[in-house]
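Student: From the sequence below, what's the structure:
(4 chains)
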2 protein chains.
Amino acid sequence: MHTLSKNQQIIFDLIDKSPEPMKAYAILFNVQKKGIKAPLQVYRALDKLVEIGKIHKIESRNAFIACQNSSCQVSKATAFSICEICEKVTEISSASLSKYLTNFKDKDGMKYSKYNLEFFGLCKKCR
Amino acid sequence: MHTLSKNQQIIFDLIDKSPEPMKAYAILFNVQKKGIKAPLQVYRALDKLVEIGKIHKIESRNAFIACQNSSCQVSKATAFSICEICEKVTEISSASLSKYLTNFKDKDGMKYSKYNLEFFGLCKKCR
DNA sequence: TACATAGTGTTATATTATAACAATTTAAAT
DNA sequence: ATTTAAATTGTTATAATATAACACTATGTA
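Tutor: I've put the predicted structure just below:
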């Protein structure tokens, strides 16, 4: 298991406590009192946390969320649902979905080592 | 059917001819000789073209690609393969994939109206 | 101890995207 | 034809997201 560095731990804790995905500059603002002053310090920690699978980037939102899937050491197969009204994001952990996508072959028979899927719609509260 | 405005047509033609996804400022640079001078003019056309399904945004790359799927009037269900070395991007049109994802229900039984899927790996040339 | 690797701090800058406002064009409806 | 609404354009300024480059420090390990 990976032991996080100081900045990585500070930033992971913040994201992990957040009920919604956090943007890089919102993270920066929040950790300034802890001595992390520059965007680059944030982005470096984010890059590493993504790399080791502790957080995921929601690409369509440029925001970061803690991995909800305890078994997910490295982010090779991610799926999220996103509410287009309240912006609530939930990580989907469906064995059948991940199995389907991991085994998916394109028309040339190519398989891919990694995927990211984002579903959009309205959450229960918003419909 | 939608008839494109002048700026939309110029920008669509450029993206459509491009063998790879184009970024907004690369588009801007290319259309400056045609009188489109400002980023906002590009982004407005891009927004509209995405909205009507003529192009798609590759979220992980902040780049735009013409829709390869002639039946795809509106982009509610998109899937791409992305080569992590040469950055070649291909739109996947697989009836079984789109059927699977369109019908996918999360653990609360929720169905979603839209999705975007990006597969990553190495293309034939790059492996 | 030396060496490599990863992490930090800092300044500057690049890249991606939108706000706000005024004018013009287009399409449709009287 | 004339009015009206909606979409599009043009423009300046600025916001938001992300990386380059360089010097230094900590950590693990041979």
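Student: The helix or strand harbouring A:Lys48 and chain B in contact?
Tutor: A:Lys48 is part of helix A:39-51 when elements are defined by DSSP states H and E. No. Helix A:39-51 stays clear of chain B (CB under 8 Å from any CB of the partner chain), getting no nearer than 11.7 Å. Just so you know, the C-beta spots here come from the backbone N, C-alpha and C atoms, and that holds for glycine as well.
Student: Quick check: next helix or strand after that helix?
Tutor: Per DSSP H and E, the first helix or strand lying C-terminal to helix A:39-51 is strand A:55-58.
Student: What strands line up against that next one, and which way round?
Tutor: With DSSP bridges as the test, strand A:55-58 is paired with strand A:63-66 (antiparallel).
Student: and the strand it pairs with, how far from the chain's centre?
Tutor: 4 Å (CA atoms, centre = their mean, to the nearest Å).
Student: C-terminal to it, which secondary structure element comes first?
Tutor: Where DSSP H and E defines the elements, the next helix or strand beyond strand A:63-66 is strand A:77-83.
Student: Pull the distance from the helix or strand just after that following strand to the chain's centre.
Tutor: Later in the chain than strand A:77-83, the nearest helix or strand by DSSP H and E is strand A:89-91. Centroid displacement of strand A:89-91 relative to its chain, using CA atoms, centre = their mean, is 9 Å.
Student: for stretch A:3-18, same thing?
Tutor: Centroid separation for stretch A:3-18 versus its chain: 13 Å, with CA atoms, centre = their mean.
Student: Does the helix holding A:Lys48 pack against any helices or strands, and if so which?
Tutor: Secondary-structure packing of helix A:39-51 (3 or more CB pairs under 8 Å, 6 or more residues apart in numbering or on different chains; DSSP states H and E): helix A:6-17, helix A:24-31, strand A:55-58, strand A:63-66.
Student: how much does it deviate in direction from helix A:24-31?
Tutor: 110 degrees (axes from the mean of the first three to the mean of the last three CA atoms, to 10 degrees).
Student: Helix A:39-51 and DNA strand C, are they touching?
Tutor: Yes. Applying CB under 7 Å from any atom of the strand, one finds helix A:39-51 touching DNA strand C at A:Pro39, A:Leu40, A:Gln41, A:Arg44, A:Ala45, A:Lys48.
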